[in-house]
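Student: okay, sequence plus prediction incoming.
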Amino acid sequence: MKRDPGAAHRPARRNFHRAALAVLAAPLVARAQGDATPNAAVYMYKGADRDARLLAEAKKQGKVVIYTSLNLKDSVPITEAFEKKTGIKTELWRASSEKVLQRGVTEARAGRFSPDVFETNGPEMEALYREKLLDEFWSPHFADLPEAAFPSHRHYVADRFNFFTIGYNTNLVKPEEVPNAYADLAKPQWAGRVGLEAGDVDWFGALVKSMGEEKGLAFFRALAANRPQIRTGHTLMAELLASGEIPLVADIYNHNVERLKVKSAPVEWKALDPTFGRPNAVGVARHAPHPHAGLVFADFMLSPEGQELIKKRHRVPSSRKVHTKLNDFPFRMIDPVITLDEDEKWEKLWAELFLKGQRPTKAKD
């Protein structure tokens, strides 16, 4: 069963995460159950017969229930390939990352544990971990992943990345003009020629912290003085770049540029130091009703076969076994603490600098 309620109203990121954190801080009837790890023996088994044993039990369970924010045009081909390979049926519930978190937490509060697997954005996965809805697991494919794919607690792992790079229109920006450092964007020659995505507060916070707060904020004040063009939506930013309306975007997803390059658009991207990424991660549910099937699906998502499918969908796979120039540079992950615990601080600063004090709206892409 494939459902997509993602077109429904999406609440502002700040209000939603504050509500979610209030839930996390509240005493839950379900939390006592959540402290148990009934499937730990399944998830952490490393015996030589692991794969055969896991698949045999998964086929007995017959299906896997997946809660994801990956859009249906990308997630359905992946689940169809999984079904063909394993014979295990998939039940896919797709919504925005906030709604994936909201549904998981709400069901747990009611003592219902429906999903076997969560697959969504890093901050929401971190919130699910804090709510004790995920469990640590092991996969033989972990050896193929960079260290940045793992949080310290290892209760989820990145299966794909969104990287923030600069993107530029090659008809409007000469090769010798392409910035080599973020500081270049504040030079007078870029006045009114740089675009920023209106909701990228976590990228802003990560970059400021990496530069040192005083130096980082000084850079963004200089950038704000250069009158950047502000728009909402990463896909829209890439389209405006290709059309020439914006010559350069400072915080574009490099995979969106690549999607346009294959259509012969005059666009290119470049990774500056430091390059930050948002992880999108997969994790197995602590109280999964089909734990073996859930782990088989997580394995598939992290396997070279699953990662090639992610690459084929013009997204950035996390595995080093799958070659792509889209992650062939040094990078860091944005700390989810920026979104979950420090959001008010960074949103206020961002709004004052670039949005005339208005609350940022999270893009749907």
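Tutor: Cool, the structure landed.
Student: and for residue 52, the neighbour number?
Tutor: Close neighbours of residue 52, defined as other C-beta atoms under 10 Å, add up to 10. Where you see a C-beta, it was placed from the backbone N, CA and C, and this is true even at glycine.
Student: that one and residue 45: what is the separation?
Tutor: Plainly put, residue 52 is 12 Å away from residue 45 if you go by C-beta to C-beta, to the nearest Å.
Student: again, but for residue 188
Tutor: 61 Å.
Student: show me what contacts the closest residue to residue 285 other than its chain neighbours?
Tutor: Distances taken as C-beta to C-beta, 6 or more residues apart in numbering put residue 115 closest to residue 285, at 5.1 Å, once the chain neighbours are dropped. Taking C-beta atoms under 8 Å, 6 or more residues apart in numbering, we find residue 115 in contact with 65, 66, 67, 93, 104, 285, 288.
Student: let's see 10 Å
Tutor: 64-68, 91, 93, 100, 103-104, 107-108, 128, 133, 283-285, 287-290, 294 (C-beta atoms under 10 Å, 6 or more residues apart in numbering).
Student: distance of the residue nearest to residue 244 when sequence neighbours are not counted from residue 59?
Tutor: With C-beta to C-beta, 6+ apart as the criterion, residue 244 has its nearest non-adjacent residue at 5.4 Å, and that residue is residue 169. Going from residue 169 to residue 59 by C-beta to C-beta gives 51 Å.
Student: next: residue 298.
Tutor: When residue 298 is compared with residue 59 (using C-beta to C-beta), they lie 16 Å apart.
Student: who has more neighbours, these two?
Tutor: residue 298 (28 against 14).
Student: just after whichever helix or strand the more buried one is part of, pick out the following helix or strand.
Tutor: Per DSSP states H and E: residue 298 is located in helix 291-302. Next along the chain after helix 291-302, taking DSSP H and E as the criterion, comes helix 304-312.
Student: just the mean pLDDT for that next one, thanks.
Tutor: Mean pLDDT, computed over helix 304-312, is 97.
Student: next: stretch 260-267.
Tutor: 96.
Student: one more: stretch 88-97?
Tutor: Stretch 88-97 carries an average pLDDT of 96.
Student: output it as PDB, restricted to C-alpha atoms.
Tutor: The C-alpha coordinates for stretch 88-97 follow below in PDB (Å, rounded to 0.1, in the frame of the first residue of the first chain):
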ATOM      1  CA  ILE A  88       8.800  -9.500   0.900                       C
ATOM      2  CA  LYS A  89       5.900  -7.100   0.500                       C
ATOM      3  CA  THR A  90       6.400  -3.400   1.400                       C
ATOM      4  CA  GLU A  91       3.800  -1.200   3.000                       C
ATOM      5  CA  LEU A  92       5.000   2.400   2.400                       C
ATOM      6  CA  TRP A  93       3.700   5.400   4.300                       C
ATOM      7  CA  ARG A  94       5.100   8.600   2.900                       C
ATOM      8  CA  ALA A  95       4.800  12.100   4.300                       C
ATOM      9  CA  SER A  96       7.000  15.100   5.100                       C
ATOM     10  CA  SER A  97       9.800  14.500   7.600                       C
END
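Student: bridged to residue 66, which residues?
Tutor: residue 92, residue 117 (DSSP bridges).
Student: identify the residues contacting residue 300.
Tutor: The contact partners of residue 300, taken as C-beta under 10 Å, 6+ apart, are 64, 78-79, 81-82, 85-86, 88, 139, 141, 159, 282, 306-307, 309.
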